[in-house]
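*Asks:* here's my sequence, what's the structure:
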Amino acid sequence: MKKVINNIKRNHSVVSYKENLERLYTFKNFPIFMGCTDEPSEDDMFMDMTWTIDRDSGLVQLLHLVPLEILYSKQHMDATGATWDKYNNLLAKFISTEYKGDILEIGGGSGKLAQKVTSMEDSLKYFIVEPNPLIKETDRIKIIKSFFSNKIKNKENKIGTVTLSQVLEHAYDPEEFLTEIRNFLPDDGIFIFGYPNLEYFFSNKHTNAINFEHTMLMTDYYVDYFLSKTGFKILKKESFGNHSFFYSVQKVNEIKQIKTDVSSTFKGKYEKYKKMFNDFIVYHEDMIEEINSKIQSHDGDIYLFGAHIFSQYLISFGLSTEKVISILDNSPIKIGKRLYGTNLKVNSPKILSDSSNPLVILKAGVYNEEIKKDIINNINSKTQFI
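*Replies:* Numbers count the residues shown, from 1 in each chain. This is a model prediction of the structure:
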């Protein structure tokens, strides 16, 4: 086991910048990468994942951060599945009605959003800033292989819109990140983005809400606060079911002064989110005990769905994997590889077609029903789920 030694300690609140954090819980030796790999398991890296809460604002945030060049050394997100297809279609339509000028997308890893937007807008120039792109450059889509920073310039202010999808929640300092976006945009520039509904995810005990990449339980309430603080006016805010919010915001000339009394701005959030976090922990400890009991009593093949953070959390909580044959996942970039931090190989759910009594451990949040429906209707109707 390799430990991340040179981690980044964030011992201050990202809201107030005060060192006023209260420790909540530590997941010991948690794998730092939530994707899959072909490399030997002895090369996997681990770090304690320690969660804290800001006593003034109630923001739950990670204490120790993984250096970006290690955390994002590979791409693991290819937006596979019906939910992601629908999400990208609707976000692309949202962008096409709100943008102006050319577009710069931050973190457009899969390239799927870029392809959809450019197919709707013939004359649009589209730029992607992404350290690990899956998409190849075209005449319409240009790629800047990098993290976004103030070193990337908006030449002649021809780019009038910055967009991103499921990226803001990855920022280690959201105020700094949003300020850099504001500085990049011309006057009255537009910022359009999709943001996960972390309030719904975490309150419903979904394990993809917070992790080494989502280093804060920054619900949309906090997002609205940071937008106002960094000089953006919300033009539109729409919901994509319980999955995400779509924002269209505009750069304003004058930044409003935010009250320095953070505790009054976020009154009641400390109690709310501390209880939500503690409920999350107790729920999973109890659930894993129940799942392990069912695993031991099942007479048949057992699989775990999700070559992702979903499975890594369950294993960290104590899920017994001795009888698990493999991890199941629909993503073509994961099949045949190994889930990082484990010895479990990844197979397509199609492997279930040859099983007479399969049991699938499925805890994939808002994607559960989509996954169940596909397996029952298209692969093996006898599959049981827990």
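*Asks:* hang on, Lys100 in a helix?
*Replies:* No. According to DSSP: H, G, I helix; E, B strand; the rest coil, Lys100 belongs to no helix; its state is coil.
*Asks:* remind me which residues of the stretch 251-386 of the chain are low pLDDT?
*Replies:* The stretch 251-386 of the chain contains residues with pLDDT under 70 at 259-260.
*Asks:* quick one: the helices in it?
*Replies:* 262-265, 269-297, 309-316, 368-378 (DSSP state H, counting those that start in this stretch).
*Asks:* other SSEs contacting the third one?
*Replies:* By that I understand helix 309-316. Using 3 or more CB pairs under 8 Å, 6 or more residues apart in numbering; DSSP states H and E, the elements in contact with helix 309-316 are strand 21-31, helix 269-297, strand 302-305. Any C-beta I mention is one placed from the backbone N, CA and C, and that applies to glycine too.
*Asks:* which residues of the stretch 101-250 of the chain fall in strands?
*Replies:* With strands called from DSSP state E, counting those that start in this stretch, the stretch 101-250 of the chain shows them at 102-106, 126-129, 141-144, 159-165, 190-196, 232-240, 244-251.
*Asks:* Leu178 and Ser13: what is the separation?
*Replies:* According to CB to CB, to the nearest Å, Leu178 and Ser13 sit 16 Å apart.
*Asks:* quick one: contacts for Val129?
*Replies:* 104-108, 144, 146-148, 152 (CB atoms under 8 Å, 6 or more residues apart in numbering).
*Asks:* can you do 10 Å?
*Replies:* 104-108, 142-149, 152, 162, 164 (CB atoms under 10 Å, 6 or more residues apart in numbering).
*Asks:* out of those, who's nearest Lys2?
*Replies:* Nearest to Lys2 among the contacts of Val129, counting by CB to CB, is Phe147 at 23.4 Å.
*Asks:* just to revisit the earlier point, please name whichever of the strands of the stretch 101-250 of the chain is nearest to Gly341.
*Replies:* Nearest of those (CB to CB): strand 190-196, 22.4 Å.
*Asks:* which strands or helices does the closest one pack on?
*Replies:* helix 82-98, strand 102-106, strand 159-165, helix 174-184, helix 220-229, strand 232-240, strand 244-251 (3 or more CB pairs under 10 Å, 6 or more residues apart in numbering; DSSP states H and E).
*Asks:* quick one: strands adjacent to the shortest one?
*Replies:* Same thing as strand 102-106. Paired strands of strand 102-106, with direction, are strand 126-129 (parallel), strand 159-165 (parallel) (DSSP bridges).
*Asks:* so the nearest residue to Tyr25 once chain neighbours are set aside bridges to which residues?
*Replies:* Excluding the flanking residues, the one nearest Tyr25 by CB to CB, 6 or more residues apart in numbering is Trp51, at 5.2 Å. Using DSSP bridges, the bridge partners assigned to Trp51 are Tyr25, Leu62.
*Asks:* for Trp51, which residues are in contact?
*Replies:* 21-27, 60-63, 210, 215-217, 277, 280-281.
*Asks:* please convert the buried members of those into PyMOL selection syntax.
*Replies:* Burial among the contacts of Trp51 is assessed by 16 or more other CB atoms under 10 Å; the matching PyMOL selection reads:
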select buried, resi 21+24+27+60+61+62+63+210+215+216+217+277+280
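*Asks:* now, of the helices of the stretch 251-386 of the chain, which is deepest in the fold?
*Replies:* Counting by mean count of other CB atoms under 10 Å, helix 309-316 has the highest mean neighbour count of the helices of the stretch 251-386 of the chain, with a mean of 23.
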